[in-house]
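Asks: generate a structure from the sequence data that follows.
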Amino acid sequence: MYLFMSFKSLKKLMVLDVSYSSSLTRAPNFFGLKNLEELRFSDCQNLEELDKSLGCLDKLEKLYLDNCERLWRFPLEVVGKL
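Replies: Presented below is the predicted three-dimensional model:
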């Protein structure tokens, strides 16, 4: 399952928690979430990849990926920004 949301109306969102989403396999495109400070994917055991748009989250301070056992794709351009 792919998490699909329209983030246009969520411009002020600061925390997004989709922890324990067992059917989530790919993270969405994060463009439009300019104020996001915290992103939680904890215990999303079927999550396999994160979108490279994660790098556009300039205010992101916390990223939780604990127990995401199948995660194999993490955008390298994001590493330097976190």
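Asks: so where do the helices sit in this structure?
Replies: Assigned by DSSP state H, the helices in the chain fall at 76-79.
Asks: can you give me the neighbour number for K59?
Replies: Look at K59: counted by other C-beta atoms under 10 Å, it has 11 neighbours. No exception for glycine: its C-beta is placed from N, CA and C like everyone else's.
Asks: distance of the closest residue to L71 other than its chain neighbours relative to V78?
Replies: Excluding the flanking residues, the one nearest L71 by C-beta to C-beta, 6 or more residues apart in numbering is L47, at 5.4 Å. Here L47 is placed at a distance of 15 Å from V78 (C-beta to C-beta, to the nearest Å).
Asks: pick out whichever of those two has more residues nearby.
Replies: L47 (26 against 18).
Asks: quick one: that one and Y64 touch, right?
Replies: No - if you go by C-beta atoms under 8 Å, L47 and Y64 don't touch, sitting 11.4 Å apart.
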